[in-house]
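Undergrad: Got a predicted model here, sequence first, then my questions.
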Amino acid sequence: MDYILTTDLLVKRYGKHEALKDVSIKVPKGSIFGLIGKNGAGKTTLMRIISGLQEQNKGTVDIKCPVIGALIDTPAYYRTLNAYDNLKIQFMNLGLTSYDDIPKIIEMVGLDIAGKKHVMSYSFGMRQRLGLAIALCGFPDLVILDEPVNGLDPQGIVSIRELILKISKERGTTFIISSHLLDELARIATDYAFIDNGVIIKQIRSEEMHSGSGRTVRAHVTDTSALCKTLDDNNLEYEITGDDELTITGDITLSELNMLTSEAGCELIEFNYVDTSLEGYFINLLEG
Ligand code: ATP
């Protein structure tokens, strides 16, 4: 696997508080990498360090591309200028001498409707779009977006989703995105890192997370090995997930499971469906 970014054992302290604890992530090139965690988990801190806006106390960040674009916190813009002139300043900051791409970027993020309006008269959503446009200047290979759809209306959310997918597909751009809208993130992310209290608790590819997905059933039984044999005989996929617990993949009903356990000659003690949505996965992870 080719990685565009790796962090190794990053530590960030604010006074005595350790906001990042030995954070190591590997971001595959071309991925849409979802960073998920509760409020205060350390997502913004990690993104700021990756973007060079903040310095870590320990650890390293290795980025394999020359420029990165970032939308973190409130986007930086000039209130008394329009979108074009704001982007022109960003182009100049990046040392770009041709401004030909500016109208294209403005159109991509849907700000062409704003025309010559100054940014101070923009709505919140329009400012978010401008922030995204600034992050896209120069079409960097790696773009970091902290809560990019925060505060957007439903149509805005869809258009930003489509934009990210389009850029990812057409240019192979890698995105690192944090969002509390997990259903939304699940529509585009190829990879996830889950962070809790400054610790990466899991990094996983989306396909791995959803592998064999469908409904998943967790069953506590009196004799796991007997049930394993019956499940094998019935060509059902399962995993032993505890002393007397099996997690079975597939849309199995309670009565079917009762039949399987009686065929195995054991008893079903407890049965529940495991939520395979991103939100469910996250909650299950947090609950250990
Ligand atoms: P949210 O989802 O609410 O944006 P987050 O995951 O982005 O949260 P961070 O903003 O990275 O979390 O904060 C991680 C921890 O570090 C929190 O406990 C926060 O209070 C603390 N923190 C962040 N910035 C500072 C700062 N400048 N000074 C002191 N503490 C800070």
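TA: Received, thanks. All figures in this text were calculated on a predicted structure; none of them were measured in a lab. Residues are numbered from 1 along each chain as shown.
Undergrad: by contact count, what packs against the helix or strand hosting Arg161?
TA: Here Arg161 sits within helix 154-171, counting by DSSP states H and E. Judged by 3 or more C-beta pairs under 8 Å, 6 or more residues apart in numbering; DSSP states H and E, helix 154-171 is in contact with strand 32-36, helix 102-108, helix 124-136, strand 174-178, helix 182-188. C-beta coordinates here come from the backbone N, C-alpha and C atoms, glycine included.
Undergrad: and the second one, what other elements does it pack with?
TA: This points to helix 102-108. helix 83-93, helix 124-136, helix 154-171.
Undergrad: Identify all contacting residues around stretch 255-266.
TA: Stretch 255-266 has contacts (C-beta atoms under 8 Å, 6 or more residues apart in numbering) with 217, 219, 221-223, 226-227, 229-231, 234, 236, 248, 252, 267-268, 271.
Undergrad: For Val5, grab the count of nearby residues.
TA: Check again: residue 5 is Leu, not Val. As a burial measure, Leu5 scores 23 neighbours (other C-beta atoms under 10 Å).
Undergrad: Could you check the pLDDT of it?
TA: Leu5 is assigned 98 on the pLDDT scale.
Undergrad: Next: Ser213.
TA: For Ser213, pLDDT reads 52.
Undergrad: Likewise for the one 5 residues further on?
TA: Listed pLDDT for Arg218 reads 86.
Undergrad: so how far is Lys38 from Ile201?
TA: According to C-beta to C-beta, to the nearest Å, Ile201 and Lys38 sit 11 Å apart.
Undergrad: same question, Glu208
TA: For Glu208, the distance to Lys38 - C-beta to C-beta - is 23 Å.
Undergrad: Would you mind splitting the chain into its domains for me?
TA: 3-207, 216-287 (automatic domain parsing).
Undergrad: Of those domains, flag the one that's most buried.
TA: domain 3-207 (a mean of 18; mean count of other C-beta atoms under 10 Å).
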